[in-house]
Every structure is written in C-alpha cells, then in structure tokens.
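> give me a model of this one.
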Amino acid sequence: MNALTILTCLICWLVAASTGARADTLRFVTLSYPPYEYEEADKVDGIVVRILREAFSRLGHELEIEVLPWKRALLMARQGSVDGIFTVYKTEERLKFLDYSETVVMPQVVSIWALKGSNVPFDGTMESLHDVPLGVVHGVSYGKIADTAIENGTLKQLDYAPNSAHNIKKLLAGRTLAVIMNRYGALYHLRLQNGFDKVEELQPEVSAVPSYVGFSKARNLSGLRDQFDQVLQAMITSGDYQDIVDGYYLDALPALDF
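Numbering: from 1, shown residues only. Sure thing, here's the model as predicted:
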C-alpha cells in the first residue's frame, strides 16, 4: 500500500469519525406547512426541507421525508418508527419523547388573521377572542400563549381544520371569522387562493415561536442531534443558511411578495 493510498484511507476514516455515523438514510416526518415543508408532484420541498437536506448531507446522511397529518407524524416520532420530526414547537409533553435540537431551525411569527371589516375585537390578548369563531388546525401547536388559551378554554369557539390550506379556505368563505396562523404560512396560502385583498393581519402578533428538529428518543439519537446542532450553527454563521432561504424564494416562489 503506497503513501497516497494510506493518506486517502486516513482522510476517509477521519471524515467518518467526525460525523460519528456511516453515510446512510435517515427517515423524518413532517406536516404540510408551506412554505417551510410540503409535497408537490411527488416531491417534498420547502425552506426547511432544503436547509435540513444540506445540513444532514454535510454529516454524510441522506433524508427520506414523508409529509403526513401532524398527529400521525407526532405518534410515529413518539413510537420511534422514524428518526425525527420537523418543524416542531417545544412543549412539555413533547419533551418526553423528543430530543430537540438546541439551534432553532426556523423562527415563526404567529398572528391572528381576519376578514377585512369584520371588526374582530382583538387587543393582543387571547381573552379578547373568547367569543370569536377562530380557525385552528388539528394537533398544531401555536406557542405557549395560544396553546394555553386553547387548553384552558379561554377560546370558546374553536373551528378545527385538517390543514392550513383548509383553514384559510374557510376564512375566505366566511365560515370562520378569524384564524390563528404562522405568518409566512398564511401569506403563502392567501397568495394561492387570491385572498390578499380580503384579509388583514391583526396587530400585535401573538408570539414569535421558535421551531426545531425533534429526534425520537426511542431511537437514541442524541449524539446525532449534537452533530446536527454544530452543522446548523455553522451554516447560520457562514451565511449558508440565509442563502438557502433567499434561494428558495427566488427559485420556488418568484411571484410571491413577502
């Protein structure tokens, strides 16, 4: 074995050791939540999908991503039938079965959207919406403020939908007076359904909620979680993260004005 061959083998060994895992495929689940993650023409795409594919590629992994109803996705992560789930808010219940990334994968602003002229009496508190028909999506967390109001019954007229697109559709049709929703998600669906001129975002925002990647505790992936954190933070610091975000809007949604 010549010196060049030995050096090549050594480099390969060091790369494998630095990732702490062989190059293989990881299975993740998510929900349909454009523009962050969604399936279109049998292809899973979105801002976060692109970020994660790049991050895990740097660790020597490919991703197999399945878009599912959120409750089913959470159950699979809890049971350990998949390696992880995204983009997921941090709750006490989910901490029992998920090892969260320390680095925020995507900060998300949650706000109230209402039909123009509906005079929804929102003053920035959940209490002001107690008698307002409010659209929400089954199984989705909206951050501590909204989740607490849902759980303790402060919001008395909740109108559940299976997904965000349906939530916006009901709002535009006047079947609910307002919806609580992620800002970029709302803008995305309003664009697709030609609803910009019919709806307004009420102020102030409800909260700015960080979302993460959750690794299934049943699969003992805390080491991989730590490696992912290092890579994602390096991407943020270098500007590669923002390049992916900007590139998505130029590539996938050139007509969307956010």
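> contacts and neighbour counts: CA atoms only from here.
Noted.
> residues in contact with the closest residue to Phe215 other than its chain neighbours?
Nearest residue to Phe215 in three dimensions, chain neighbours excluded: Gly84, at 4.2 Å (Cα to Cα, 6 or more residues apart in numbering). Counting by Cα atoms under 8 Å, 6 or more residues apart in numbering, Gly84 makes contact with 27-29, 77, 213-216.
> what does the pLDDT read for Gly84?
Here the pLDDT value assigned to Gly84 is 98.
> look up how far Leu98 lies from it.
8 Å (Cα to Cα, to the nearest Å).
> can you work out which residues contact both of the two?
Joint contacts of Gly84 and Leu98 (Cα under 8 Å, 6+ apart) are 77, 214-216.
> which residue lies nearest the spatial centre of the protein?
The centroid of the chain falls nearest to Thr87 when counting by Cα atoms, centre = their mean (2.8 Å).
> I figured that one hits Thr30, correct?
Yes - under the contact definition of Cα atoms under 8 Å, Thr87 touches Thr30, with a separation of 6.8 Å.
> now do the helices in the stretch 1-150 of the chain.
3-19, 47-58, 70-79, 144-151 (DSSP state H, counting those that start in this stretch).
> number of nearby residues for the closest residue to Tyr184 other than its chain neighbours?
Excluding the flanking residues, the one nearest Tyr184 by Cα to Cα, 6+ apart is Pro35, at 6.9 Å. If you count neighbours by other Cα atoms under 10 Å, Pro35 ends up with 21.
> domain ranges for this protein?
Annotated domains of the chain cover 19-106+210-251, 108-208 [automatic domain parsing].
> returning to what we had before: make JSON lines out of the shared contacts of Gly84 and Leu98 and add secondary structure and neighbour count.
Below are the shared contacts of Gly84 and Leu98 laid out as JSON lines (DSSP: H, G, I helix; E, B strand; the rest coil; neighbours: other Cα atoms under 10 Å):
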{"residue": "Ala77", "secondary structure": "helix", "neighbour count": "25"}
{"residue": "Gly214", "secondary structure": "strand", "neighbour count": "27"}
{"residue": "Phe215", "secondary structure": "strand", "neighbour count": "26"}
{"residue": "Ser216", "secondary structure": "strand", "neighbour count": "28"}
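> dump those residues into a markdown table; add pLDDT and distance to Leu187 as well.
Converted to a markdown table, the shared contacts of Gly84 and Leu98 look like this (pLDDT from 0 to 100; distance: Cα to Cα, whole Å):
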| residue | pLDDT | distance to Leu187 |
| --- | --- | --- |
| Ala77 | 98 | 29 |
| Gly214 | 98 | 26 |
| Phe215 | 98 | 29 |
| Ser216 | 98 | 31 |
